[in-house]
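Colleague: No sequence on hand, only this structure:
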Ligand SMILES: Cc1cc2nc3c(=O)[nH]c(=O)nc-3n(C[C@H](O)[C@H](O)[C@H](O)COP(=O)(O)OP(=O)(O)OC[C@H]3O[C@@H](n4cnc5c(N)ncnc54)[C@H](O)[C@@H]3O)c2cc1C
Ligand code: FES
Ligand code: FES
């Protein structure tokens, strides 16, 4: 790791002020992505601003038709939350399948959504549940937020404070994990709302994306059988040592059926 | 250099450290507790697992300064008055180790797993040990040890 200066923020305002005062600063949440990145010397921030102790980023609550989860809430806390389990069981299950227990004890929703790893799980839940990403300045709809591999609508220094998830009639996440890393080879989140179905896929492409064909079929008929004739094009999907684009395209269909079946 | 104050196995530790010092480096090199191991240093293997405020974490993936004010427990903190912790005892009884390199992390994770899950079965133990890699045992003995220790701890609790 290159040297950096460690700063501790006690509030959202202090985090923003420390960010402004730094040369090339970066926020540090659970560190489960950032610390491995620093160790590989893939980043050299001047200042790391610890945001883990900020009360304003914690907590899980309910607003009209939405569950609002603080950016600083850990994966383990989401998985164990009675409220999330009752209202968004698919999301609780998703959080409980991220990495391993130690990673879930430290990693946070905000860190995962800010990082937007193409194989991360949360982006699928955020996009399928038509969530709003709330920052210290504004609120960004999920459809505008994710912009491809590690790219998001966040401005320099913009801090995610919470994510508000719409509560669907039903939703489920089906993940085919890479057996070594536990990240998603392909993960499909299916959410059935009164006015239609949203389907988001992670792991398969350069970033999380929706699948209009599957959404249309499921909006008409929310059964596994409705997906029988649908195949997803492999064009633009990832091919690597873990699997070809064709294999991933096939998995999208399989995972979508599993999500609907559950 | 920045000052960090925390509790390690019940004792207050105060050190001046570089801002980029990892928790595992503080424990092994500054405090001298070398029971916590570094297997991969890439957040994969779990040899470095310790408890921070009661939760199992990978100490190679946490800065020492993030543990400011925290209560840290390492493998050295489990045995009480010379008697092994029931999980340590169970690993010995059920051949839960061969070379022993992964064992400190395995045991710290197992204590955490048993604490979080009042009811455990083999499937759950295997899933919960996701973050701990053992190159020797093939896991059979480890899984047996965790289930046996869970039984012992449950009986102790009543
Ligand atoms: C062994 C291992 C296995 C894993 N497996 C999975 C997996 O299966 N699925 C999966 O999805 N993920 C997985 N992860 C990643 C994990 O979920 C991380 O916790 C997550 O990606 C980042 O969250 P963090 O809180 O640790 O963020 P950090 O590492 O602290 O930060 C990540 C980035 O986000 C920025 N950031 C953090 N919080 C905010 C905020 N509130 N506002 C703006 N920017 C912010 C930081 O500046 C940094 O650039 C794994 C990690 C490890 C080490
Ligand atoms: S040394 Fe920390 S996970 Fe391997
Ligand atoms: S006993 Fe040798 S690595 Fe587990």
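Modeller: That came in fine, so what should we check first? Remember, predicted model here, so these are calculated numbers, not experimental data. Ligands and ions are numbered 1, 2, ... in the order given.

Colleague: how close does residue A:130 get to residue A:195?
Modeller: Distance check for residue A:130 against residue A:195: by C-beta to C-beta, to the nearest Å, it reads 10 Å. In short, each C-beta sits where N, CA and C put it, glycine included.

Colleague: and the two? which has more neighbours close in?
Modeller: Set residue A:130 next to residue A:195 and count neighbours by other C-beta atoms under 10 Å in any protein chain shown: residue A:130 wins out with 19 against 6.

Colleague: Pull the contacting residues for that one.
Modeller: For residue A:130, the contacting residues are A:141, A:142, A:143, A:166, A:191, A:193, A:198, by C-beta atoms under 8 Å, 6 or more residues apart in numbering or on different chains.

Colleague: so which of those residues are also by ligand 2?
Modeller: Near ligand 2, judged by C-beta under 6 Å from any ligand atom, there are no entries from the contacts of residue A:130.

Colleague: who's in contact with the residue of the stretch 51-200 of chain A found nearest ligand 2?
Modeller: Residue of the stretch 51-200 of chain A nearest ligand 2, by C-beta to the nearest ligand atom: residue A:102 (7.8 Å). By C-beta under 8 Å, 6+ apart, residue A:102 lies in contact with B:46, B:49, B:56, B:57, B:58, B:61, B:109, B:131.

Colleague: and of those, the nearest to residue B:143?
Modeller: The closest of these to residue B:143 turns out to be residue B:109 (C-beta to C-beta; 12.3 Å).

Colleague: so that closest one sits in a helix?
Modeller: Yes. Counting by DSSP: H, G, I helix; E, B strand; the rest coil, residue B:109 falls inside a helix.

Colleague: Return the subset of the contacts of residue A:130 lying in helices.
Modeller: Counting by DSSP state H, the contacts of residue A:130 place A:142, A:143 in helices.

Colleague: By neighbours, which of the contacts of residue A:130 wins?
Modeller: The most neighbours of any of the contacts of residue A:130, using other C-beta under 10 Å, belong to residue A:191, which has 30 neighbours.

Colleague: Okay, and the beta partners of residue B:13?
Modeller: Residue B:13 has these beta-bridge partners by DSSP bridges: residue B:6.

Colleague: Could you report the separation of it from residue B:4?
Modeller: For residue B:13, the distance to residue B:4 - C-beta to C-beta - is 8 Å.

Colleague: Spatially nearest residue to the residue positioned nearest the centre of chain B (excluding sequence neighbours)?
Modeller: What sits nearest the mean C-alpha location of chain B, by C-alpha atoms, centre = their mean, is residue B:108, with 2.5 Å. Excluding the flanking residues, the one nearest residue B:108 by C-beta to C-beta, 6 or more residues apart in numbering or on different chains is residue B:49, at 4.4 Å.

Colleague: doesn't residue B:57 make contact with that neighbour?
Modeller: Yes. Using C-beta atoms under 8 Å, residue B:49 is in contact with residue B:57, at 6.9 Å.

Colleague: Show me how far the helix or strand of chain B with the lowest mean pLDDT is from its chain's centre.
Modeller: Taking mean pLDDT, DSSP states H and E as the measure, helix B:140-157 is the helix or strand of chain B with the lowest mean score, a mean of 95. Relative to its chain's centre, helix B:140-157 lies at 16 Å (C-alpha atoms, centre = their mean, to the nearest Å).

Colleague: buried set for it?
Modeller: Residues B:141, B:142, B:143, B:144, B:145, B:146, B:147, B:148, B:149, B:150, B:153 are the ones in helix B:140-157 that count as buried (16 or more other C-beta atoms under 10 Å in any protein chain shown).

Colleague: who's in contact with the residue lying closest to the fourth one once chain neighbours are set aside?
Modeller: Translated: residue B:144. Distance criterion C-beta to C-beta, 6+ apart; nearest residue to residue B:144, sequence neighbours excluded, is residue B:94 at 4.3 Å. By C-beta under 8 Å, 6+ apart, the contact list for residue B:94 reads B:141, B:142, B:144, B:145, B:148.

Colleague: what do you get for residue B:27?
Modeller: Counting by C-beta under 8 Å, 6+ apart, residue B:27 touches B:8, B:33, B:36, B:50, B:59, B:72, B:74.

Colleague: What distance do you get for the residue in the stretch 1-150 of chain A positioned nearest to chain B to residue A:228?
Modeller: Nearest to chain B, among the residues of the stretch 1-150 of chain A, is residue A:100, at 2.8 Å (C-beta to the nearest C-beta). For residue A:100, the distance to residue A:228 (C-beta to C-beta) stands at 36 Å.
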